[in-house]
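Chemist: show me how the following folds:
(chains A, B, C and D)
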Amino acid sequence: MDLNYTDDQKAFRDEVRAFLADHLPQRLSDKVKGGKRLTKADYEEWHAILNAKGWLGVTWPKEHDGTGWDAVERHIFEEETTAAGAPRIVPFGLNMLGPVLMKFGSDAQKDHYLPRILNGDDWWCQGYSEPGAGSDLASLRCEAVRDGEHYIVNGQKTWTTLGQYANKIFCLVRTSKEGKPQQGISFLLIDMDSPGIEVRPIVLIDGEAEVNEVWFKDVRVPVENLVGEENAGWTYAKYLLTHERTNIAGVGFARAGLSALKRIAGEQMQGGQPLIANPFFAAKVAQVEIDLMAMATTNLRTIAAAAAGQAPGAESSMLKIKGTVIRQEINALTRQAVGPYAAPFVSEILDEGSNAEPVGPEAAMPATQAYFNNRKLSIYGGSNEVQRQIISKAILEL
Amino acid sequence: MDLNYTDDQKAFRDEVRAFLADHLPQRLSDKVKGGKRLTKADYEEWHAILNAKGWLGVTWPKEHDGTGWDAVERHIFEEETTAAGAPRIVPFGLNMLGPVLMKFGSDAQKDHYLPRILNGDDWWCQGYSEPGAGSDLASLRCEAVRDGEHYIVNGQKTWTTLGQYANKIFCLVRTSKEGKPQQGISFLLIDMDSPGIEVRPIVLIDGEAEVNEVWFKDVRVPVENLVGEENAGWTYAKYLLTHERTNIAGVGFARAGLSALKRIAGEQMQGGQPLIANPFFAAKVAQVEIDLMAMATTNLRTIAAAAAGQAPGAESSMLKIKGTVIRQEINALTRQAVGPYAAPFVSEILDEGSNAEPVGPEAAMPATQAYFNNRKLSIYGGSNEVQRQIISKAILEL
Amino acid sequence: MNFQLTEERQMLQDGLRRYLSDTVTPEAIAAATDGATGLDAELWAGLTEMGVPGAMFTEEQGGFGGAGFDLMVVFEELGRAGAPVPLIESAVLAGGILAEVGHMDLVEEIIGGRIIGFAHGEPASRYDLAHVQTRAEKTDAGWHLTGAKAVVQHAPATDTVIVSARTGGDVTDQDGISLFLVPTAELHMRDYPLNGGGRAAEITLDTVVPDSAVLGETGAAYPLIAAANARATAAQCAEALGLMETIKHLTVDYLRQRKQFGQPIGKFQALQHRMADVLIEIEQARSAVINLCGHLDTDDCDMHVSATKNLIGRAARLVVEESIQMHGGIGMTQEYALGHFAKRLTMVDHRFGDADYHLERFIRLAAA
Amino acid sequence: MNFQLTEERQMLQDGLRRYLSDTVTPEAIAAATDGATGLDAELWAGLTEMGVPGAMFTEEQGGFGGAGFDLMVVFEELGRAGAPVPLIESAVLAGGILAEVGHMDLVEEIIGGRIIGFAHGEPASRYDLAHVQTRAEKTDAGWHLTGAKAVVQHAPATDTVIVSARTGGDVTDQDGISLFLVPTAELHMRDYPLNGGGRAAEITLDTVVPDSAVLGETGAAYPLIAAANARATAAQCAEALGLMETIKHLTVDYLRQRKQFGQPIGKFQALQHRMADVLIEIEQARSAVINLCGHLDTDDCDMHVSATKNLIGRAARLVVEESIQMHGGIGMTQEYALGHFAKRLTMVDHRFGDADYHLERFIRLAAA
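Modeler: Below you'll find the model as predicted:
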């Protein structure tokens, strides 16, 4: 047992830190830390910086110009970039589609698409969820009918994150209604500028439109855009979902959130002393910090096992639940900390370069917004209810 | 809306208080408040005192020499007797069997048994639960086969509270295996000194033996001991269970527990001050007190509705859950309050007249014992899981 | 002991519920929130016509209610509808103080629908009622008010605002606080929309008001403010209860209708049991509101304010979080009704003291 | 970064698990608890033979372990078996202090199975390590000890006890505490059984010991006591983890086997989801124990002691209450195995500081 990084891992961590110090634009980290809206150009700028260093394909093997990092190195990279306030790597092309193409795509697809993901030619979005399906993914109804050298796609996808920026979408579509719902699903790559596609924003309770509905009406998709075999898409979809799960614990986000919480609660005064000195508030902060200390170690245990080649079991479901509970509690405490100033909501303040002054402390509005926005953490990526089901199935074997 | 008692109700409350001041033996209230073991004689003494006043048949109508009180009067009586530290009225004859006999018993049964319950000739215990049945009461297997003028009973009952003191037991027995499990159940009255009955104590984790297993081996029961009709016992059983639910919220017990908790936490010193002044501890005590204040009003709302003749719905299930959660939290805090002295366990101290000195504060050992013992609150009388089921069924109608 | 509404209150409740369910639409709320005044003028006129402001005052004061249970009935219905209206500000806070100091002409106008604001909280006061930095200096012309007021709800809809300012004492002293009636036009306002609907403003003061603007005795306003605040807290807790009721109905309907894996999700036992816990807490919230409204005019009022506000704060968080979680993604969209109610209910904990603030206060009061 | 046990520790774990599962029966635990000494002498001899006390000491001290993870391996197994043995008292507390002050002859005897006790807590000290009222007065014959010690675990099984007493300073000062080696025969003991198994004693002191009985420097014992206490807390937390593991297995088995309404109760989703939450907290507990055992010899030790003891206290309550609830009535009977483990796990919060005590300490340490 050894809780410390090896010398090699420490050296790697220092290298990441040095890179971030030199290359992460402060304009971007200020926006991230201040809870401002990131634009498409912001993400593209950061992707290009990472790609120039060869650090964009974090989960990719070297043969596809990825980093070839193991689980511990990926963890160190995530930890450091999050702590530094770097924008996240937009995962749809890099962490979702990329691995699927590498494993199931044709050579032509690999050669064409993988470099375009790294160099930013394509912005992918995800066409998995449908209205009425939710956690019951296999019940999807968006349909693709073969017509000569094309599929004709009709139907609707929803919760498509950042779909408004994308020029490509990978979709699960129904190509057959026979057999079990899981059979008859295919995995299609679709141009977002195809005639018949319409993207409609969904405004969430925090006032933001980061997710969308995508409507397909007689959209023609060349058959060479099919990944793998027709009606075998469920296998690829499940493979993708396991890759979606990297950094499921969100330790870095939680640490950043906790330190912001402590700073804010150190500035807010209540009854003549900083709120953080109030025992009732301090107790809640300490409680979540203690939980996070333990969860971070659970995360490392899982990462070390993965780096040693062990397949993860129900651990990632445990990390998903505990990680989201901790982050949501930090969000709730931060909202509590800002007091009466949690109420004002002036959307334009979140835009870079806005002239609008914040109402009350600068941290107040983003705090409320993050609280509402992060209710999603326990809903998406397999709701916490689905994760509890996975955990109990694994141990009860019933 | 009026949260206050009427003048009549206040006068009644004063009458109860005066009666308790005059007639509740201090020896008994000291035992109750000190968490000592109550003997059979203790209960009998208290029953006799109440019976002499005509206040033993609390839930009984006047025609059967009961009090004829309405729900509010019963509540006032319960509140005052609990606050005064009176022993509880042993419910099996009075609150369970009595109402069933009044509604479904023959005239002969009423004439014979009801007076004997009041005057203490009979001590009844309950033969409902069976091993393996639990919340699934209808799956019971204890069997009664007709043989001329007798039933021959074979099987086992369990969780029979104070069965060691009883000379009578009322039992649910299976008289037919046809139809649904709820059909084919009969309600029998059985002498505990019948040949073939064996009572074995079950020691619980708090070291006490208040519950028992009761074994029946070819026990002969005269057919006139059948209540109502053969195979119709399920109806009587359900009727009984609704009567079991009086005082389901346990407000009086919670209040007594809370005030003991505050006293104990006021005496225990931590870091140079009474524990109750420690903000972490005080916060938990205040939280449960606030919950109790609200729950007491929910209880009054239900009682007022019952007194006005409204049938209770899912409210009693809500009160069962919240009431037990509150009492168990008070138990847990009291255990926490006594600190290292929660550990010693010297059983004989709980006996009246024991010469053994308590180890540490007198309140310590009963605190731990009550914590363990009261885990039962959320299990018996319809587990809290069963109550949640009732509540959600009522509102979701699914 | 009696938990039935009187016939009058029952009629008011029925009438309000009907009227509000016909009138308060998501569009109307959004229009008011994003509009200039934060006021749905038609709704306010309708409520006034029904006598709603009058229900906040006793007959002696010219109204026809004024008891805790009158507040409860009215605000529970406003909560059910999710309607942001300036009733707490104008009738309970400003109106309560005006009635107390005998300004019955203004009370009459408030009952008639006039909106008077209440500017007391400041950027640094958080939930401390005695924390007043705004100063009032005596001048020849009257009183010179300087300072800043924070998150003054519904200020843009007012023509006049009651402003608290310090005429003596230190920043957190209870003594030395005075109240002034100031025309809204004299204030510098920066107004903005609120999470959960309605508008508020940051107010900067640098104005001279005549001696006649003083309400009551100078330096002695704290008890007036505290009493009005207790009633406002009761009103807000009742509103929170109404919000919970609507969220409950939305969630129950959703659990019954939404199908997954071939059956309504309300058939899943894990959700059933959690829904049961939510229902229990909503009943607790109702009892807490009854406790507070029933003790508003007693010596135990302060203790019940803190007990109830604490319980409401905790219950609100549970109700909001569980209802969104049970809805899944749809619960997070602005289009679906839940979002508005969830946000409005969340904001309850950010006014008049949060759950922890009142827990601490409850402990202090219980120990005293 | 590596979370694998070394080969030696893996062997110790395997051997211990096998041995304990063969040896520790409910009857043996009950016999020891109700017997005169509170000791299962055969079990203790077996553990000694396996070298278990030796695993508490470094090679330098004559043992073959002594690191945090050695404690973790051993105590997790003792917890799994639910075995009350005087290992914390004799090897970790007394032994740790004796090794620190250089009494290597006694350390060697402890490794060989001798049981030395540690009497520090007092009737009024609760969890405060500096609270010592017992006095040691210098006399011609040595030191006269007077006072009382509370809940001294396993005292009846000792022949010698390390006693703390004040040679200077006020009741709660860290300075002025000294340690004395006292033959058990010199003490007045009132012994009794404990919830969760084993025996302890209240000790009254009125005895004179020679100068040679002093351990280390007079008046300077506090750091020795604190350091031994930190290690003992780690040991106890690891034991708690083992207790949780056994409770988990019992509960999972029960959920799989027990049928109600025609199916195993583990098929009921409400229980499945609650079991998942229990499992998550047990993993949290394991990580917390790893954190503490991995930082025992670092500057962050104190912070990890408090973080881990807090988390273990909270997790223990959840595990105990949920496991009993899921078992229903059977979980409350003394006959069924769960009861012993649940009681033993509950008692963890009553030694070395409870969850709240350590939460407060964690906040103080983090702010410092």
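
Chemist: tell me where the stretch 251-368 of chain C has helices.
Modeler: For the stretch 251-368 of chain C, helices defined by DSSP state H, counting those that start in this stretch occupy the ranges C:269-294, C:301-327, C:337-347, C:355-367.

Chemist: and these: which comes nearest A:V346?
Modeler: Among the helices of the stretch 251-368 of chain C, the nearest to A:V346 by C-beta to C-beta is helix C:337-347 (14.9 Å). C-beta coordinates here come from the backbone N, C-alpha and C atoms, glycine included.

Chemist: can you count the residues close to the residue nearest to A:K376 when sequence neighbours are not counted?
Modeler: Distances taken as C-beta to C-beta, 6 or more residues apart in numbering or on different chains put C:M332 closest to A:K376, at 5.9 Å, once the chain neighbours are dropped. Neighbourhood size, C:M332 [other C-beta atoms under 10 Å in any protein chain shown]: 26.

Chemist: thinking again about what came up before, what's the closest of the helices of the stretch 251-368 of chain C to chain D?
Modeler: helix C:269-294 (4.1 Å; C-beta to the nearest C-beta).

Chemist: can you give me the neighbour number for the closest residue to C:N2 other than its chain neighbours?
Modeler: Distance criterion C-beta to C-beta, 6+ apart; nearest residue to C:N2, sequence neighbours excluded, is B:D2 at 4.5 Å. B:D2: 13 surrounding residues under other C-beta under 10 Å.

Chemist: B:D2 contacts C:M1, correct?
Modeler: Yes. Counting by C-beta atoms under 8 Å, B:D2 does reach C:M1; the two are 6.4 Å apart.

Chemist: distance of C:A232 from chain D?
Modeler: Look at C:A232 and chain D: by C-beta to the nearest C-beta, to the nearest Å, they are 34 Å apart.

Chemist: I figured that residue hits C:K309, correct?
Modeler: No. C:A232 is beyond contact range of C:K309, at 10.8 Å (criterion: C-beta under 8 Å).

Chemist: what touches both of these two?
Modeler: C:F352 (C-beta atoms under 8 Å, 6 or more residues apart in numbering or on different chains).

Chemist: between the two, which one's more packed in?
Modeler: C:K309 (32 against 23).

Chemist: can I assume that one is in contact with C:A240?
Modeler: No. If you go by C-beta under 8 Å, C:K309 and C:A240 don't touch, sitting 9.3 Å apart.

Chemist: mutual contacts of those two, please.
Modeler: By C-beta under 8 Å, 6+ apart, no residue touches both C:K309 and C:A240.

Chemist: can you give me the helices in the stretch 151-300 of chain A?
Modeler: Assigned by DSSP H, counting those that start in this stretch, the stretch 151-300 of chain A shows helices spanning A:233-244, A:251-267, A:279-307.

Chemist: show me what the first one is packed up against.
Modeler: Same thing as helix A:233-244. helix A:98-104, strand A:168-174, strand A:185-191 (3 or more C-beta pairs under 8 Å, 6 or more residues apart in numbering or on different chains; DSSP states H and E).

Chemist: try it again at 10 Å.
Modeler: helix A:98-104, strand A:168-174, strand A:185-191, strand A:226-227 (3 or more C-beta pairs under 10 Å, 6 or more residues apart in numbering or on different chains; DSSP states H and E).

Chemist: do you know how far the spatially most central residue of chain C is from chain B?
Modeler: Compute the mean C-alpha point of chain C, and by C-alpha atoms, centre = their mean the closest residue is C:Q236, 3.9 Å away. Note on C:Q236: its distance to chain B, by C-beta to the nearest C-beta, is 17 Å.

Chemist: right, is whichever helix or strand that residue is part of up against chain A?
Modeler: Here C:Q236, judged by DSSP states H and E, is contained in helix C:222-257. No. Using C-beta under 10 Å from any C-beta of the partner chain, we find that helix C:222-257 stays clear of chain A, coming within 10.9 Å at best.

Chemist: can you give me the angle that helix makes with helix C:269-294?
Modeler: 150 degrees (axes from the mean of the first three to the mean of the last three C-alpha atoms, to 10 degrees).

Chemist: what comes up buried for helix C:222-257?
Modeler: C:222, C:224-225, C:227-248, C:250-252, C:254-256 (16 or more other C-beta atoms under 10 Å in any protein chain shown).

Chemist: same check, this time on stretch A:302-310
Modeler: The neighbour-count check on stretch A:302-310 (16+ other C-beta under 10 Å) flags A:T302, A:I303, A:A304, A:A305, A:A306, A:A307 as buried.

Chemist: show me which of these is closest to chain B.
Modeler: A:T302 (32.0 Å).

Chemist: just to check, the closest one is in contact with A:Q310?
Modeler: Yes. Using C-beta atoms under 10 Å, A:T302 is in contact with A:Q310, at 9.0 Å.

Chemist: how about the stretch 1-150 of chain A: which residue is closest to chain C?
Modeler: Relative to chain C, the nearest point of the stretch 1-150 of chain A is A:D136 (4.7 Å; C-beta to the nearest C-beta).

Chemist: list the contacts of that residue.
Modeler: A:E130, A:P181, A:V386, C:K259, C:Q260, C:F261, C:G262, C:I265 (C-beta atoms under 10 Å, 6 or more residues apart in numbering or on different chains).

Chemist: quick check: closest non-adjacent residue to the second one.
Modeler: Read that as A:P181. Per C-beta to C-beta, 6+ apart, closest to A:P181 is A:A138, 4.1 Å.

Chemist: distance of that neighbour from D:A228?
Modeler: From A:A138 across to D:A228, the span is 58 Å (C-beta to C-beta, to the nearest Å).

Chemist: what do you get for A:A232?
Modeler: Distance from A:A232 to D:A228, by C-beta to C-beta: 63 Å.

Chemist: related to what we said a few turns ago, which one among the contacts of A:D136 gets closest to B:K53?
Modeler: Among these, C:I265 lies closest to B:K53 (C-beta to C-beta), at 55.0 Å.

Chemist: just give the closest residue to the closest one, not the sequence neighbours.
Modeler: C:R258 (5.2 Å).

Chemist: kindly report the same for A:F187.
Modeler: A:F187's closest residue in space is A:G233 (C-beta to C-beta, 6+ apart), at 3.8 Å.

Chemist: let me see the confidence value for the one you found.
Modeler: You'll see A:G233 listed with a pLDDT of 94.

Chemist: I figured it was touching A:C142, is that so?
Modeler: No. Counting by C-beta under 10 Å, A:G233 stays clear of A:C142, with 11.5 Å between them.
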